[in-house]
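**Student:** pasting the sequence and the predicted coordinates here, then a few questions.
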Amino acid sequence: MDITKDDMKVVEIMSRLSIDRASRALSKILRTGAKISLSKVYTADLSETTAKMNDDLREMTGVMVSFKGNVSCKLLFMMPVTGSFILTDLFLRQPAGTTKEYNEFTESVTQELGNILASHISNALVSDFDAKLLPQPPQVHNDYAGVMFSNLVLEQGMTDDKLLLLETQFEICKTELECYLFLVPEMTSFGKLLDNIGVNV
């Protein structure tokens, strides 16, 4: 399926609504200034993105969520492990710098972040765009970016050479945290969703 400019406008609206809702929920839970904002949505070359991920040699904490329904897709959110330490301290209401290594608390916080992102993405698509989505339990990973991205591609069984990429900014207490956010739809079901809301593909 080729994604046209009109398709991308709809995808951007869907993505922005989803991420805005997830951002508000996260800020409420943390009781502090937390904001996830969408910079842009675009299609990227799969091989180029894979090479970029393989070149990032930092240790990452990430969460992958599968969605089942009339739109099948996967979400992968990951950030350098040092960023997950900051999140862990905020979630646990403990002084910044307390968490210094990946542990069961970091894993739990990352899983909760996955739940927040997944639930609000699915809620936005269900309520505003007539999709049927059910998030599956998040899978937390602690590995390199290239390994996690390869798992995403393999699990989704991608046959297309293009990837839908959401570029986001993650800011907590005025500190910007680097992150990657991929939302990879199964293109046939994604095309049906766009048809349902009046976008011809």
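**Tutor:** Here it is on my side, so go on. Residues are numbered from 1 along each chain as shown.
**Student:** tell me how far Q169 lies from S39.
**Tutor:** In this view, Q169 and S39 are 6 Å apart by Cβ to Cβ, to the nearest Å. Heads up, the C-betas are built off the backbone N, CA and C, glycines and all.
**Student:** so those two - more neighbours on which side?
**Tutor:** Q169 (14 against 9; other Cβ atoms under 10 Å).
**Student:** nearest residue to the more buried one in space, please, no chain neighbours.
**Tutor:** Spatial nearest neighbour of Q169, chain neighbours left out: S37 (4.9 Å); criterion: Cβ to Cβ, 6 or more residues apart in numbering.
**Student:** what is the burial count for that neighbour?
**Tutor:** The burial count for S37: 12, using other Cβ under 10 Å.
**Student:** that one - that's part of a strand, no?
**Tutor:** Yes: S37 forms part of a strand when assessed by DSSP: H, G, I helix; E, B strand; the rest coil.
**Student:** ok, it - contacts?
**Tutor:** S37 sits next to 19-20, 23, 168-169, 171 when contact means Cβ atoms under 8 Å, 6 or more residues apart in numbering.
**Student:** common neighbours of Q169 and S39, please.
**Tutor:** Joint contacts of Q169 and S39 (Cβ under 8 Å, 6+ apart) do not exist.
**Student:** read off the pLDDT value for the residue nearest to Q169.
**Tutor:** S37 is assigned a predicted lDDT (pLDDT) of 81.
**Student:** what do you get for T61?
**Tutor:** 95.
**Student:** report the separation between it and S84.
**Tutor:** Noted for T61: a distance of 4 Å to S84, by Cβ to Cβ.
**Student:** any shared contact partners between these two?
**Tutor:** What both T61 and S84 touch, as defined by Cβ under 8 Å, 6+ apart, is the set 102, 106, 110.
**Student:** closest to K52 out of the residues you listed?
**Tutor:** Using Cβ to Cβ, T110 is the member of these that lies nearest K52, at 22.0 Å.
**Student:** how about the contacts made by the closest one?
**Tutor:** Applying Cβ under 8 Å, 6+ apart, we find T110 in contact with 61-63, 84, 87, 138, 140.
**Student:** mind putting the residues you listed in JSON lines, distance to V71, secondary structure and neighbour count included?
**Tutor:** Below are the contacts of T110 laid out as JSON lines (distance: Cβ to Cβ, whole Å; DSSP: H, G, I helix; E, B strand; the rest coil; neighbours: other Cβ atoms under 10 Å):
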{"residue": "T61", "distance to V71": "27", "secondary structure": "strand", "neighbour count": "26"}
{"residue": "G62", "distance to V71": "22", "secondary structure": "strand", "neighbour count": "29"}
{"residue": "V63", "distance to V71": "19", "secondary structure": "strand", "neighbour count": "26"}
{"residue": "S84", "distance to V71": "29", "secondary structure": "helix", "neighbour count": "28"}
{"residue": "L87", "distance to V71": "28", "secondary structure": "helix", "neighbour count": "23"}
{"residue": "P138", "distance to V71": "18", "secondary structure": "coil", "neighbour count": "22"}
{"residue": "V140", "distance to V71": "24", "secondary structure": "strand", "neighbour count": "19"}
